[in-house]
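>>> missing the sequence, but the structure's below:
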Ligand code: GAR
C-alpha cells in the first residue's frame, strides 16, 4: 500500500474542503494521499468530486437516526476506513456526530473543520449563529475530534470579519474560503509529524 500518509475523508455536502485538500496534495503541499472518500448522503457533491479525481468514493447508508450513525453504519464506516489503512480521518462537512466505537477505533486520529472560532458557536449553522449574536469577528477552526460536539483540542484557527451587509450565505462563503486555506495547512502539519498534543494544547509548527 506504499508508505504515504493516508487520509480517509468523510463529508455530507458539496465537498469544497475536499477539493481544497486534494488540490493541495496535487500541488505538493501535503505529503499525503486520499485513500478513500465516504459519505452518508448518496447525492453528496463530495462523492462526485472524488470520483472525478479517480479516488475511491462510496455512499454508506447512515441508518435510522438523523444526527448519528446507527450501529451497522458505524461498523461499515470503520471497516471501509480500516480496509484501506488510513492514518488520519478528515471530516470535511460530515454532518453526523461520531461516537463510541468509531472514536475508539481511530483515537486521536480524527480531525474536523468547523465554521466558527471555537469554543464560540458549536453545532449547526455556526455562521448564522455568529451573525445572530452580532459578533464582529468569526472564522473557522480545525480541531481533533473527541466525544463532545466540536470540543476537541484546537489545531488551527483563521479569523473572518463580519461585515454590516452580510447575509448568512455571504458570511459562510467567506468562511469557506478561509477553511480552504486553513485545513490543508493543518493536515500538512499533521502528516509531517510537526505537531504534538499536550492536554488541550496542540503544540509545534502549525498555522
Ligand atoms: C463547511 O463550511 C464546514 O465547516 C461545515 O460544513 C461545510 C462543508 O462544506 N461543517 C460543519 O458545519 C460541521 N459541523 P464543503 O462540503 O463545501 O466542504
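Arrived safely. Everything quoted here is computed from the prediction, not taken from an experiment. Numbers count the residues shown, from 1 in each chain.

>>> Quick one: distance of the one helix or strand residue 6 maps to to the chain centre.
Using DSSP states H and E, residue 6 sits in strand 5-10. Its chain's average C-alpha position is 10 Å from that of strand 5-10, according to CA atoms, centre = their mean, to the nearest Å.

>>> What helices and strands are in contact with it?
Packing partners of strand 5-10 (3 or more CB pairs under 8 Å, 6 or more residues apart in numbering; DSSP states H and E): helix 16-26, strand 32-39, helix 71-83, strand 88-91. The way it works is simple: take the backbone N, C-alpha and C, and place the C-beta from them, glycine included.

>>> So the last one, near the ligand or not?
No. No part of strand 88-91 sits close enough to the ligand to count as contact by CB under 6 Å from any ligand atom; the gap is at least 7.3 Å.

>>> for the second one, same thing?
No. No part of strand 32-39 sits near the ligand under the criterion CB under 6 Å from any ligand atom; the closest distance found is 9.8 Å.

>>> Can you point out the helix or strand that includes the residue lying closest to residue 160 once chain neighbours are set aside?
Closest residue to residue 160 apart from its sequence neighbours, by CB to CB, 6 or more residues apart in numbering: residue 139 at 4.5 Å. Taking DSSP H and E as the criterion, residue 139 maps to strand 137-144.

>>> could you give the angle of that strand to helix 16-26?
60 degrees (axes from the mean of the first three to the mean of the last three CA atoms, to 10 degrees).

>>> who's in contact with the closest residue to the ligand within the chain?
Residue nearest to the ligand within the chain (CB to the nearest ligand atom): residue 93, separated by 2.6 Å. Contact partners of residue 93, counting by CB atoms under 8 Å, 6 or more residues apart in numbering, are 11, 12, 13, 14, 15, 16, 17, 46, 113.

>>> can you tell me which residues contact residue 197?
Contact analysis of residue 197 by CB under 8 Å, 6+ apart lists 108, 144, 153, 203.

>>> Tell me what the second one is bridged to.
Applying DSSP bridges to residue 144 yields these beta-bridge partners: residue 111.

>>> was I right about it contacting residue 108?
Yes. Residue 144 lies in contact with residue 108 (CB atoms under 8 Å); the separation is 6.7 Å.

>>> Give the buried residues for stretch 48-56.
By neighbour count on 16 or more other CB atoms under 10 Å, the buried set for stretch 48-56 is 49, 50, 53, 55.

>>> so who does the third one touch?
Read it as residue 53. 22, 34.

>>> Phi, psi for it please.
The phi and psi values for residue 53, taken as degrees, to the nearest 10, are phi -90, psi 10.

>>> mean confidence for the top helix by length along the chain?
Determined from DSSP state H, the single longest helix within the chain is helix 168-191. Confidence over helix 168-191 (mean pLDDT, whole number) is 98.

>>> what is the orientation angle of that helix with strand 137-144?
Put simply, helix 168-191 runs at 40 degrees to strand 137-144, going by the same axes, to 10 degrees.

>>> Give the other helices and strands that helix 168-191 contacts.
With contacts taken as 3+ CB pairs under 8 Å, 6+ apart, helix 168-191 sits against helix 16-26, strand 32-39, strand 88-91, strand 110-114, helix 126-133, strand 137-144, strand 154-161.
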